[in-house]
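>>> Output the structure for:
(one chain, ligands or ions: 1)
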Amino acid sequence: MTPPLPRTGLSAEIAACRLCAARFAGTATAHAPRPVPWFAPGARVLVAGQAPGMRVHQAGKPFLDPSGDRLRGWMGIAPEVFYDLSRVAVLPMAFCFPGYDAKGSDLPPPRVCAETWHDRVMADLGELPLTLLIGGYAQKWHLGPDARGGVTQTVAAWRAHAPRVFPLPHPSWRNTAWLKRHPWFEQEVLPALRARVREVLE
Ligand code: SF4
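Numbers count the residues shown, from 1 in each chain. Coordinates of the predicted model:
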């Protein structure tokens, strides 16, 4: 069973982090940091994402939004499996909502977050049999030069990384047109992804 909120050890340290308070106060949303750590040693799947959006910031639970619904559909798992800490860990490039710019677009995840926390979280998690790299920021961080060509090129080269790593586009509604333009993603990548998720969660 998943505990209500994982707030012990490193997770508790991250939840108390306020490194970006001044930065967030200066955004159009002028919000305070609210880190959303969601991981525990022993997980089988790592969801390496971008950063919480406004809805997750308010809810305090990762992927509790339409992007999360789409991602769970891609993975072929129900919410109770996704939120089972013994099975799925979430490690975004920033644990807090970065805020909106003046035009209402999401700001990029502050790099200081990954620089501060990533290595420690990865050491805590140990080796996982499956990692999903969601969006350009996570792909560049984890794949380095292999992600230089951008998200489309990196996702198209998924066979170079599978079955342990799957680069994916962000499941946001903003990428619905991308999904239509690239039908191979649903036809080829998703069946392989679902098979691998089933395999590692068995
Ligand atoms: S984004 Fe990361 S570094 Fe910045 S306040 Fe939140 S947890 Fe701390």
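>>> hey, let's count contacts and neighbours off CA atoms from now on
Will do.
>>> element containing residue 94?
For residue 94, there is no enclosing helix or strand under DSSP states H and E.
>>> so how far is the strand or helix carrying residue 198 off the chain centroid?
Applying DSSP H and E as the criterion places residue 198 in helix 190-201. Distance, stretch centre to chain centre, for helix 190-201: 17 Å (Cα atoms, centre = their mean, to the nearest Å).
>>> Repeat that for stretch 131-138.
Chain-centre distance of stretch 131-138: 7 Å, with Cα atoms, centre = their mean.
>>> So which bits of the helix holding residue 198 are buried?
190, 192, 193, 194, 196, 197, 201 (16 or more other Cα atoms under 10 Å).
>>> I'd like the distance between the residue in the chain that the ligand sits nearest to and residue 141.
The chain approaches the ligand most closely through residue 113 (3.7 Å), counting by Cα to the nearest ligand atom. Using Cα to Cα, to the nearest Å, one gets 12 Å for the distance from residue 113 to residue 141.
>>> do the same with residue 195
Going from residue 195 to residue 141 by Cα to Cα gives 25 Å.
>>> Next: residue 167.
Counting by Cα to Cα - residue 167 and residue 141 are separated by 12 Å.
>>> Looking only at neighbour counts, state which of those two leads.
Legend: neighbour count by other Cα atoms under 10 Å for residue 167 and residue 141, higher for residue 167 (29 against 16).
>>> Secondary structure class of the more buried one, three-state.
At residue 167 the chain is in strand, as set by DSSP: H, G, I helix; E, B strand; the rest coil.
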